[in-house]
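Undergrad: Turn this into a model:
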Amino acid sequence: MTGHTLDVGVLGYGFMGKAHANALDRLSTFFPDAPAVNKAVLVGRDEARLAAAAERFGFDRTATDWRSVVDDVDVFYNLGPNHLHREPSVAALEAGTAVFCEKPLATTLADAEAMAAAARDADVPAAVAFNYRFVPAIQYARELIDDGALGEIRHFRGRYLQDWLVDPEAPWSWRNDADLAGSGALGDLGAHTIDLARFLIGDVAGEIRRVSGHVQTFVDERPVEGDGKGDRDGGGDGDTRPVTVDDAYSAQLAFDDGAMGTIEGSRAATGHKNAHTIEIEGSRGALKFDLERLNELQVRTEGDRGFQRVLVTEEDDPYLDHWWPPGHVLGWEHTFVHENYEFLSAVAGGEGSAPTFADGLAVQRVLDAIERSDDRGEWVTLG
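TA: The predicted structure follows:
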């Protein structure tokens with residue numbers, strides 16, 4: 001497929017639709033070796049909103065049924081709510097269409113297993129949207145760990161804290177419903193942290209083997225946001241809906257080779273907007289990362305008296321040769337450009353693209369184990 005312009009179909013035009021449409025627009029400017037892409041079709045259910053989004057994002061046409069799209073494009077982006085991940089993604093893979101799917105891979109472990117099986121049987125790439133792998137500082141951290149700069153890994157500590165659900169009057173959305181989302185902060189935020197644990201230390205510390213988890217819901221119901229005509233998902237002004245997912249989670253992790261992990265996430269953490277922090281300690285060194293300062297990595301190697309602040313913006317740092325002179329920092333949106341570059345290059349080259357559906361399934365197994373641990377009140381061992 002090298003040299004061929006890739007026709008891209010995208011399901012979803014909200015938050016992630018905007019992020020990926022922007023990334024696709026940036027590819028040819030900053031990554032001249034990226035494959036050419038055509039934003040062929042945007043898929044959604046609300047025709048008026050869909051038409052407006054397609055015009056704003058620059059798509060050729062729209063469709064209200066993904067079934068008419070998956071076998072008519074080269075690449076299918078599944079950016080819909082979690083409950084829509086399985087059926088369209090599997091159908092696209094069975095049609096021989098490469099798939100890029102939002103995280104978490106599915107609402108249930110069974111669905112994730114079915115999706116991973118479909119990806120194994122397909123002869124096209126299937127990738128999951130863990131965009132934080134593509135932060136240059138995270139890539140640099142992985143290089144340090146792989147080179148042995150931290151020595152034997154002993155601790156992984158990850159937190160992902162947001163505060164958009166602190167207010168009990170914050171409106172209900174599909175992200176508050178177990179059938180539509182699968183879980184709350186656990187799947188929404190925890191999936192990212194678990195994937196970074198696997199990406200950063202998985203090769204040296206092994207897989208996550210046992211978990212002890214706790215999940216908590218602070219607000220049991222939320223108001224339906226209305227416009228005077230009722231909510232399009234059902235319910236009218238003044239109504240409320242039950243919250244059937246967690247607002248926060250925490251978990252202890254045990255890795256194959258003896259490393260300990262502590263992770264937590266919350267969408268009700270007052271004062272935190274998008275605080276994703278990672279700390280890793282080894283026998284010879286340590287590092288710290290904070291997404292809200294994503295161009296920096298705090299590093300302590302053997303012989304240092306304390307942590308050194310490293311600004312990861314040099315030309316020889318990961319991806320930085322494509323952007324600005326040293327010290328001219330990148331932002332959150334650039335992670336999507338890197339992610340799309342890697343995925344679409346793999347599609348054009350007929351190769352696999354990490355993180356794969358197998359990676360998404362591995363994360364889903366940990367999410368499922370944390371929920372089972374909370375339900376049982378005991379450690380759960382992953383198979």
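Undergrad: where along the stretch 151-300 of the chain do the helices fall?
TA: Remark: helices assigned in the stretch 151-300 of the chain by DSSP state H, counting those that start in this stretch are 178-181, 185, 191-205.
Undergrad: Residue nearest the middle of this protein, spatially speaking?
TA: Note on the chain: the residue nearest the mean C-alpha position is F130, at 3.3 Å, using C-alpha atoms, centre = their mean.
Undergrad: report the longest helix in the protein, please.
TA: When the chain is parsed with DSSP state H, its longest helix is helix 357-376.
Undergrad: hmm, back to that, from E342, how far out is the residue nearest to the centre of the chain?
TA: F130 sits 11 Å away from E342, going by C-beta to C-beta, to the nearest Å. Placement of C-beta: from N, CA and C, glycine included.
Undergrad: Likewise for A129?
TA: Going from A129 to E342 by C-beta to C-beta gives 12 Å.
Undergrad: between these two, which one's more packed in?
TA: Counted by other C-beta atoms under 10 Å, A129 and E342 do not tie: A129 has more neighbours, with 27 against 20.
Undergrad: I figured that one was touching T335, is that so?
TA: No: between A129 and T335 there is no contact under C-beta atoms under 8 Å: 10.1 Å.
Undergrad: Tell me who's in contact with I201.
TA: By C-beta atoms under 8 Å, 6 or more residues apart in numbering, the contact list for I201 reads 145, 153, 156, 255, 259, 280.
Undergrad: tell me which of those is nearest to T270?
TA: Using C-beta to C-beta, the shortest approach to T270 within the contacts of I201 belongs to F156, at 25.4 Å.
Undergrad: burial of the closest one, as a residue count?
TA: Neighbour tally, F156, other C-beta under 10 Å: 24.
Undergrad: bridging residues for the closest residue to it other than its chain neighbours?
TA: Counting by C-beta to C-beta, 6 or more residues apart in numbering, G261 is the residue found nearest to F156 once chain neighbours are left out, at 4.3 Å. On the basis of DSSP bridges, G261 is bridged to F156, L253.
Undergrad: Hmm, G261 is touching R154, no?
TA: No: counting by C-beta under 8 Å, R154 is not a contact partner of G261; they are 10.3 Å apart.
Undergrad: So between the two, which is more surrounded?
TA: Neighbours were counted for G261 and for R154 using other C-beta under 10 Å; G261 has more, 23 against 17.
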